[in-house]
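Peer 1: Got a sequence here, can you model it:
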Amino acid sequence: MVGRFLFAAAALVLAAAVPAAADDAAVDAETERLAELAVDHLFAGTERVLRVADPIRIAGAPYCGKDVGAVLGVFTLNDKTFSQFGADSPTFEKSLTRAVEKRFPLDERERIAVVAPGLPAAKAGLQPGDVVTKIGGREVSKRDRIHTLKLDDPNAPLELTVEREGKELVVPVEVRLGCAYPAQAWYGNDINAFAGHMGKLTGSYVFGGMLAFASSDDELAIVLGHELSHLILYSGGTKRSEADADYLGLYLAARAGFDVTGAPAFWDRMGRANPYSNISWGFYAHPSSPARAVALQATLDEIAARKAKGGALEPDDVGERAEPPEAQSGDDSEAMKQIRAGALAELEQKRERLLRVGYRVRTGGAALCGDKTAPALGALLARRRDVLFGKQKEAEEIFGVVDEVKVLALVPDSPAARAGVQVGDLVLAVNGSDVGKTQDVYAELRSARTQPPKLGLSRGGQRSDVELPLVAACPQEFRLIMRGSFDPTADENGDDILVPEGLLRFARDDDELGIVLAHQIAHHQLGTARLVSSADEPAADKLGLAIAAKAGFDVSKAPALLDRMVAEDPWKLDTGKRNYGRASEHIGAAERALTVKSASAALLKGDP
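Peer 2: So this is what the prediction gives:
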């Protein structure tokens, strides 16, 4: 009888969760508003990047050969800028272009969009919206790049003719030569940056996640010096080239006046935030974070010694340098072990947070999952193959996992905790069936929804069997993956939910995290976990908010949370089906925003 009641209640919620299609005019207005937030975010990030990167470009001029130009401290764009990055997304391109055009018109000409304080353009009085039409009396051509002006005579005074609100002004500008490789912010929650020689797109790009992670301009300078060094050296893709870029980049940042003494500590933090960076082969062939910290300390010692002698701050020719410390000594120093231990401790905190909030969502919102429930475990599980292929020793040392399914975290007073399960236990069987994968454990729990689950455990080599109290929960379990995105997705079997580490950084509190997790549970309950179309999103928003509210989370934070997500990932403005690999990113943001506002307001009023 209870099961029938829950099913009926869930059916009513699911029926109510399908909102009427939003008015086209309202969706258009919401698209404009969200696109303006995304442009504000890009411009604010780029101003910070320019403030740091352009002095480093100037300091690097002696090492860039003929690839130098006048550094103004500006970011420019035209009516085709967003199409270059749109990845076949007309919504992204058009909505962001329209958002910029609310500030100033766009055409085929490069127009100044951002002016960084303290640099030549700001000192000369150039403003956002200005178009440079002449350089020293010469008409600007399509080959001219305003952020890296090539000058006929770099020693002559520079006058720029600019068009501003239909009038021409002649503006004298200070000439500061620097490397002709601009830098800017870009969208994305990854703690990362990249650089490349890509024709008109040549330069350095810093993701929003890195801008948030770099707590000071001095730390950001370490990153931007590294990326500029790749462009100078035309390097990348090997541990040696990364080490060379670290070496030269630290010198460039120091030459520009930034305090780089925190570089080892910065890479210590990076190693804590991204355990993968503590593996010597790493992603993109980077040296491990511990090895980078050791090598950078050696470079700092070299810089300090040269400063003490009063000589020029000149780096050695990287082609003549010895192999970096990692190649000589490996990753076995005490300092490296401490960084890895810190990474594991931080990872454990993330696991515990995900488990705690996820358990609360699943159990608190169980009534809205109808008859689609499963016994709650209250434990976070993983095995080596869930996080890493190969490197068995490093898997346990850095991630705390082994070949068997291991208990990594427990919710106090949860069924597992009450049954005596402990962190570190190995799960060998569920309800009498042997399990080899994490997914097997969850599948066995779902297959016996109304029975108290029995676990076969191994602790210290001793086998034991325990029975857990029966607590109903929404059936999807959460598994932490080390990705920078903030979008949970369905696993390969479509039953469980993969939660990227980036979401735990992006969600400012448990309310925000609970809202996002409940949204993905709603997709599973509605049968739309594969996120084929934006049409699937509003219903999941409405049901997800109901689940989050039922579990006691403050759903009034949902509208602002979605705004921040779109500002960092404006591809979410897309509608319709996705066809280029981004279908997991919860699109249709404008209609979603309208639904979230109305649904959260209704829940706060106590409306069903």
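Peer 1: What is the least confident helix or strand in this protein?
Peer 2: helix 2-16 (a mean of 38; mean pLDDT, DSSP states H and E).
Peer 1: distance between the longest helix seen in the chain and the chain's centre?
Peer 2: As assigned by DSSP state H, the longest helix anywhere in the chain is helix 24-59. Put simply, helix 24-59 sits 16 Å off its chain's centre (Cα atoms, centre = their mean, to the nearest Å).
Peer 1: so after it, what's the next helix or strand?
Peer 2: Going down the chain from helix 24-59, the next helix or strand is strand 68-70, by DSSP states H and E.
Peer 1: Where do the strands of the stretch 351-500 of the chain begin and end?
Peer 2: 374-375, 379-382, 406-410, 426-430, 433-434, 454-459, 462-467, 472-473, 478-481, 489-490, 497-500 (DSSP state E, counting those that start in this stretch).
Peer 1: wait, which of the ones you listed is closest to Arg592?
Peer 2: strand 489-490 (16.7 Å; Cβ to Cβ). C-betas here are computed from N, CA, C, even on glycine.
Peer 1: helices or strands up against the closest one?
Peer 2: strand 497-500, helix 510-526 (3 or more Cβ pairs under 8 Å, 6 or more residues apart in numbering; DSSP states H and E).
Peer 1: Can I get those in TSV including distance to Gly208?
Peer 2: Shown next, in TSV, are these (distance: least, Cβ to Cβ, whole Å):
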stretch	distance to Gly208
strand 497-500	15
helix 510-526	16
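Peer 1: so how many other residues sit close to the closest residue to Arg418 other than its chain neighbours?
Peer 2: Leaving aside its chain neighbours, Arg418 sits nearest to Pro469 (5.7 Å; criterion: Cβ to Cβ, 6 or more residues apart in numbering). By other Cβ atoms under 10 Å, 14 other residues sit near Pro469.
Peer 1: any low-confidence regions in the protein?
Peer 2: Scanning the chain for pLDDT under 70 picks out 1-22, 86-87, 235-239, 280-286, 322-332, 576-584, 608.
Peer 1: before we move on, back to that, list the buried residues of the longest helix of the chain.
Peer 2: 27, 30-31, 34-39, 41-43, 45-59 (16 or more other Cβ atoms under 10 Å).
Peer 1: re the thing from before, quick one: residues contacting the residue nearest to Arg418.
Peer 2: Pro415, Arg418, Ala419, Pro452 (Cβ atoms under 8 Å, 6 or more residues apart in numbering).
Peer 1: Please render the residues you listed as TSV that adds distance to Arg508 and neighbour count to the earlier fields.
Peer 2: Below are the contacts of Pro469 laid out as TSV (distance: Cβ to Cβ, whole Å; neighbours: other Cβ atoms under 10 Å):
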residue	distance to Arg508	neighbour count
Pro415	30	25
Arg418	31	14
Ala419	34	19
Pro452	37	14
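Peer 1: ok, of those residues, which one's closest to Val555?
Peer 2: The closest of these, once distances to Val555 are taken by Cβ to Cβ, is Pro415, at 26.7 Å.
Peer 1: Run through the helices of the stretch 301-450 of the chain in chain order.
Peer 2: 325-329, 334-364, 384-387, 392-399, 415-418, 438-447 (DSSP state H, counting those that start in this stretch).
Peer 1: Redo those helices as JSON lines? Include distance to Met565.
Peer 2: Shown next, in JSON lines, are the helices of the stretch 301-450 of the chain (distance: least, Cβ to Cβ, whole Å):
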{"stretch": "helix 325-329", "distance to Met565": "37"}
{"stretch": "helix 334-364", "distance to Met565": "17"}
{"stretch": "helix 384-387", "distance to Met565": "25"}
{"stretch": "helix 392-399", "distance to Met565": "27"}
{"stretch": "helix 415-418", "distance to Met565": "32"}
{"stretch": "helix 438-447", "distance to Met565": "27"}
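Peer 1: And the chain, what are its domain boundaries?
Peer 2: 36-179, 183-332, 374-473 (automatic domain parsing).
Peer 1: Can you tell me how far Val52 is from Val260?
Peer 2: Distance, Val52 to Val260, using Cβ to Cβ, to the nearest Å: 12 Å.
Peer 1: before we move on, what about Ala185?
Peer 2: As judged by Cβ to Cβ, Ala185 and Val260 stand 21 Å apart.
Peer 1: now Ala35
Peer 2: 37 Å.
Peer 1: Could you do Gly208 as well?
Peer 2: 23 Å.
Peer 1: Check Asp491 too.
Peer 2: From Asp491 to Val260 the distance is 42 Å (Cβ to Cβ).
Peer 1: Counting neighbours, go ahead and name the busier of the two.
Peer 2: A direct count of neighbours by other Cβ under 10 Å for Asp491 and Val260 places Val260 higher, at 25 against 17.
Peer 1: Next up, the contacts around the spatially most central residue of the chain.
Peer 2: By Cα atoms, centre = their mean, the chain has its centre lying nearest to Asn189, at 1.8 Å. In this structure, Asn189 makes contact with Phe207, Gly208, Gly209, Gly484, Ser485, Phe486, Gly502, Arg505, Phe506, Glu568, Asp569, judged by Cβ under 8 Å, 6+ apart.
Peer 1: let's go with 7 Å and repeat that
Peer 2: Gly208, Gly209, Gly484, Ser485, Phe486, Gly502, Phe506, Glu568 (Cβ atoms under 7 Å, 6 or more residues apart in numbering).
Peer 1: how near is the closest residue to the last one other than its chain neighbours to Leu224?
Peer 2: Meaning Glu568. Closest residue in space to Glu568, ignoring its immediate chain neighbours: Gly208 at 4.9 Å, by Cβ to Cβ, 6+ apart. Gly208 sits 15 Å away from Leu224, going by Cβ to Cβ.
Peer 1: quick one: terminal-to-terminal distance for stretch 207-224?
Peer 2: 12 Å (Cα to Cα, to the nearest Å).
Peer 1: now that stretch: how far from the chain's centre is it?
Peer 2: So, by Cα atoms, centre = their mean, the centroid of stretch 207-224 is 13 Å from its chain's centroid.
Peer 1: mind listing what's buried in that stretch?
Peer 2: Buried residues in stretch 207-224, counting neighbours by 16+ other Cβ under 10 Å, are found at 207-211, 213-214, 218-224.
Peer 1: any idea which of the residues you listed is closest to Cys179?
Peer 2: Nearest to Cys179 among these is Leu224, at 11.2 Å by Cβ to Cβ.
Peer 1: What residues does the closest one make contact with?
Peer 2: Val52, Ala53, Ile56, Ala183, Ser204.
Peer 1: Same question for Met482.
Peer 2: Neighbour list for Met482: Asn274, Pro275, Tyr276, Val387, Glu501 [criterion: Cβ under 7 Å, 6+ apart].
Peer 1: Lovely, talk soon.
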